[in-house]
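1. Got a predicted structure plus its sequence, pasted below:
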Amino acid sequence: MTPLLSVNNLTYCKKHKPWFGKKEIFRLAPVSFELRSGETMAIIGENGSGKSLLAKLLVGVERPTSGSMQLNGEPLESRQRKQRYRAIRMIFQHSKESLNPARPLGSILDETLQLNTTLSESERKQKIAQTLVQVGMLPEHQYFYRHMLSEGQRQRATVARALILNPQVLVADEPFAALDPSVRSQTVNLLMGLQRDLGLGFIFISHNLGIVRHISDRILVLADGNVVESGKTDVIFNWPKSEYTQRLVYAHQALVSR
Amino acid sequence: MPLLDIKNLTLEIDTSFGWVKALDKVNLSVDTKEVRALVGESGSGKSLIVKSIIGALPERWKVTADRMNWKGKDLLSMSDNQRRAITRSEMSVVFQNPLSALDPSATLEEQIAETIPDNLLDKGWFWQRRAQRHSIAVAQLHKVGIRDHELCLKSYPHQLPEDVCQKFTIAMALASNPRLLIADNPTMGMEITTKIQILRLLSKLNKTRELSILFVSHDLLAISAMADSMTVLYCGQSVESGKMTQIRKRPLHPYTKALLDSAPSFRRDLPPKAALHCLEGTIPTLQHLPIGCRLGPRCPRAQKECVKMPDVRRIHDHHYACHFPLHRDKA
């Protein structure tokens, strides 16, 4: 079975060019992994370890220096941007800031469809209503502006924006960090339910190891742009190999077991 | 005698819809040498409680309380100067967002030097005192785990990463050797290794210097790791308070139970990828507060009586306000 998304030796190099010499600033060392449909992968690591950069490379905001990505066995070309934008969608951390305050929700969702599909206006309307219901909101919410929605509804709206193009992979950068406990559980439940129903591949970045342990199938540990460890969630949490992972996991367990 | 004792604190805010009770009969007490956690979601009025303790609220808002005592003296009937002297020397606050709590136009050295009180310095010429201030500042920074103190002290807040600023505000709060530290979400957005470091520092200070801590947060994991007792707040009402171990073992209020269940780390028996337990909906805004018990519309156990505000009941040290607490099923 071909994996949904496979990433081979992806590297990224940010160079700083002073007048004399060539100095390297940050380097994301070769990253390779495979993601099957319906699988959840978590990326953990400290600040500045290149987690967000990896997410940006996956959705195509940044261009990799070398390496390739394959979706369903077909290479993702940098020229065919539209195909990638439709297949891999991103959810941002701050749901409030990522929604346009001057436009109602329906128009924000409509913009996504206009730019990426050739649907007619009535089809787009139908699709918007259908997606809103899918994430647990009402079709009438399309006339609401950002400030009229509660925090949980805003988070649902950003999920709706990611889902409206029927993606195969969702990439989320700290989707739960800024949320309150009860809204966080609602969002976790929503995403897990959608994954079960639609067979999405889900890649997310998180600091919260409790949630990582609960919902992810596999974990990728990054430190200073290098992949320190990767493997099944159970294995990483019970038998962490590298010292860096051990530190993270033991810190988490020290909190839990007290 | 408790260090800080608050009974029936009510805060009324003047909005365009009339006066709204943002805090409704909140009870809170912090004993000496105790770590008290104040838990609640955003919008539940945690920060308002902090602000009313230190007296940083606008004057036109009405603060009333049956009792608001600091070491037996009533804070509300004090003159402004007396109250200010207490807040300066005996309490300090770590505010929520470090970048908005720090002065953007001054270097961090100037800011921390301001918080070091004169009684920690020897009498000497001004340059000697300045050197002493500097060395105290450096020692404080090392304590919270900032290694590169020279760079940190020379910088302005926007030049440093947010987690360093966060640690710096903690250092600043501890510089004046307070009796009570009010930490408003001190570990927000920190990665787990730094978080542990800060929590260890706080619990060490609690043990060695007998510092009492009011730990305001919604991070249940951090709270359960260090707090002795906990007060749960929902929408400006204190719903349950008691010893941490007791509450974790047997929550009596449905909201506390929902809060504890929402953290997957607390539940060993939960199979991976199972749906998490949660309450429907979100916390209501101040314009749409329900009458009576404010959890009412979201509560799975709500009945007709819930439109009346429940009285606070007590089992030993465990206080709760609910008409239908969870232990009723077993009886």
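-> Right, received. Where do you want to start? Nothing here was measured: the structure is a model prediction, and the numbers come from that model. Numbers count the residues shown, from 1 in each chain, chains lettered A, B, ... in the order given.
2. CA only for contacts and neighbour counts going forward, please
-> Noted.
3. how many other residues sit next to B:Leu120?
-> 14 (other Cα atoms under 10 Å in any protein chain shown).
4. for A:Gly106, same thing?
-> 22.
5. any idea which element it lies in?
-> Using DSSP states H and E, A:Gly106 maps to helix A:105-116.
6. From the rest of the structure, what touches that helix?
-> Under the criterion Cα atoms under 8 Å, 6 or more residues apart in numbering or on different chains, residues A:82, A:86, A:99-100, A:119, A:124-125, A:128, A:141-146, A:157, A:160-161, A:164-165 lie in contact with helix A:105-116.
7. ok, of those residues, which come out buried?
-> A:86, A:99, A:124-125, A:128, A:141-142, A:145-146, A:157, A:160-161, A:164-165 (16 or more other Cα atoms under 10 Å in any protein chain shown).
8. What segments of chain A are strands?
-> Applying DSSP state E to chain A gives strands spanning A:5-16, A:23-35, A:40-45, A:66-71, A:74-75, A:88-91, A:169-173, A:201-205, A:218-223, A:226-232.
9. B:Thr245: which element?
-> Assigned by DSSP H and E, B:Thr245 belongs to helix B:244-249.
10. following that helix, which helix or strand shows up next?
-> helix B:254-261.
11. Whether that next one contacts chain A - can you check?
-> Yes: shown here: helix B:254-261 in contact with chain A (Cα under 8 Å from any Cα of the partner chain) through B:258-259.
12. mean confidence for that helix?
-> Mean per-residue pLDDT for helix B:254-261: 84.
13. now stretch A:226-244
-> 86.
14. Show me which residues of that stretch are buried.
-> For stretch A:226-244, by 16+ other Cα under 10 Å, it's A:226-231, A:233-234, A:236-237, A:240, A:244.
15. which intervals of chain B have sub-threshold pLDDT?
-> Along chain B, the model assigns pLDDT under 70 to residues B:189, B:267-269, B:328-331.
16. who in it is up against chain A?
-> Contact residues (Cα under 8 Å from any Cα) of chain B with chain A: B:41-42, B:189, B:191-193, B:196, B:218, B:221-222, B:224-225, B:258-259, B:262-266, B:271-273, B:275-279, B:281-282.
17. let's see it at 6 Å
-> B:41, B:191, B:225, B:262, B:264-265, B:272-273, B:275-276, B:278 (Cα under 6 Å from any Cα of the partner chain).
18. what mean pLDDT does the longest helix that chain A contains have?
-> In chain A, taking DSSP state H as the definition, the longest helix is helix A:181-198. In this model, helix A:181-198 has an average pLDDT of 84.
19. Tell me the gap between that helix and the middle of its chain.
-> 14 Å (Cα atoms, centre = their mean, to the nearest Å).
20. So what pairs up with B:Met91 in the strands?
-> B:Leu180 (DSSP bridges).
21. Phi, psi for B:Asn27 please.
-> phi -110, psi 140 (degrees, to the nearest 10).
22. who are the neighbours in contact with it?
-> B:6-8 (Cα atoms under 6 Å, 6 or more residues apart in numbering or on different chains).
23. Just the ones in strands from these, please.
-> The members of those that map onto strands under DSSP E are B:6-8.
24. between the residues you listed, which has the most around it?
-> Tallying neighbours with other Cα under 10 Å puts B:Ile6 at the head of those, with 21 neighbours.
25. my guess is it meets B:Arg67, correct?
-> Yes: between B:Ile6 and B:Arg67 a contact is recorded at 5.5 Å, counting by Cα atoms under 6 Å.
26. Okay, helices next: where are they in chain B?
-> Per DSSP H, chain B carries helices over the ranges B:46-54, B:80-90, B:98-101, B:108-115, B:126-143, B:149-154, B:162-174, B:192-208, B:220-226, B:244-249, B:254-261.
27. among these, which is nearest B:Leu286?
-> Distance to B:Leu286, taken as Cα to Cα, is lowest for helix B:46-54 among the helices of chain B, at 13.0 Å.
28. from the middle of its chain, how far away would that closest one be?
-> 8 Å.
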